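Trainee: Return a 3D structure for these sequence lines:
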Amino acid sequence: MDNSVEQHDTLAMARFNMVEQQIRPAEVLDPRILNVIGESRREDFVPEAYRNLAYSDIHVPIGHGQTMLKPVQEARFLQALDIQPSDKVLEIGTGSGYMGALLGKLADRVISVEIVPELAQQAKAKLAEHNINNVIVETGDAANGWENSAPYDVIVVTGSMPLMAENLKHQLAINGRLCITLGTEPVMTVYLIVRVGDNQWHEEALFETVIPPLKNVRQPESFVF
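Mentor: Got it, this is the predicted structure:
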């Protein structure tokens with residue numbers, strides 16, 4: 001058998017196993033999410049050296065000190081956000097472009113902001129290769145939000161923050177949803193924040209996890225004795 005065909009079959013089986021053994025057991029059962037993840041070639045978005053680890057339960061390194069979320073984290077975020085086909089989404093931290101690809105298949109439009117110019121360029125190229133044309137990758141620091149296209153129906157932050165960036169809540173449309181990981185190692189909590197009025201938000205703690213921090217986020221003030 002041709003090696004490339006054999007590798008394709010191996011990775012397809014790994015993708016199936018990831019859905020069945022990592023994602024479903026985490027109670028991600030929304031068929032739209034399972035279908036999009038099951039049909040998306042995650043291996044195309046990881047560096048060649050890590051291609052065979054594309055479906056492993058790890059934070060895959062993508063260079064520049066950055067990593068991808070674990071597959072189960074991506075899936076749980078997507079399910080919590082309940083993305084609709086008409087939604088405009090802000091993704092803070094493009095990374096490899098894979099999460100943006102999933103978002104693009106679920107939403108109407110995605111604005112994805114990446115602080116590392118090289119990663120932004122690579123992600124643009126990957127998304128173009130996959131004919132995902134509704135994801136706009138911009139280069140910049142969106143740790144405190146991204147006014148240019150606000151308000152958003154959905155905001156997803158792919159790195160953790162020690163403290164809440166209040167601006168993000170104000171960039172949500174009414175009924176908009178924000179998924180964000182707050183805290184520092186070893187305990188971080190993923191929150192779903194829904195804007196229910198001009199100055200009203202509903203916050204729900206979803207699960208505990210550990211996610212590498214976003215660059216340039218505001219740090220807690222240190223106590224000085």
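Trainee: buried ones in the lengthiest helix in the chain?
Mentor: Ordering each helix of the chain by length in residues (DSSP state H) puts helix 3-18 first. Using 16 or more other C-beta atoms under 10 Å as the test for burial, helix 3-18 gives 11, 14-15, 18. To be clear about C-beta, it is placed using only N, CA and C from the backbone, and glycine gets the same treatment.
Trainee: Nearest to residue 155 among these?
Mentor: Closest approach to residue 155 among the buried residues of helix 3-18 (C-beta to C-beta): residue 18, at 25.7 Å.
Trainee: contacting residues around the closest one?
Mentor: 37, 55, 71 (C-beta atoms under 8 Å, 6 or more residues apart in numbering).
Trainee: same deal with residue 193?
Mentor: 169, 172, 177-180, 201-204.
Trainee: try it again with 6 Å
Mentor: 178, 201, 203 (C-beta atoms under 6 Å, 6 or more residues apart in numbering).
Trainee: Not counting residues beside it along the chain, what's closest to it?
Mentor: Leaving aside its sequence neighbours, residue 193 sits nearest to residue 178 (C-beta to C-beta, 6 or more residues apart in numbering; 4.3 Å).
Trainee: Neighbouring strands - and their directions - for whichever strand or helix holds residue 183?
Mentor: Using DSSP states H and E, residue 183 maps to strand 172-184. Pairing partners of strand 172-184, with direction, according to DSSP bridges: strand 152-161 (parallel), strand 187-197 (antiparallel).
Trainee: wait, doesn't the residue nearest to residue 193 sit right on residue 154?
Mentor: No - between residue 178 and residue 154 there is no contact under C-beta atoms under 6 Å: 7.7 Å.
Trainee: For my notes, confirm residue 119 occurs in a strand.
Mentor: No - counting by DSSP: H, G, I helix; E, B strand; the rest coil, residue 119 is not found in a strand; it is helix.
Trainee: where's it relative to residue 209, distance?
Mentor: Distance from residue 119 to residue 209, counting by C-beta to C-beta, to the nearest Å: 22 Å.
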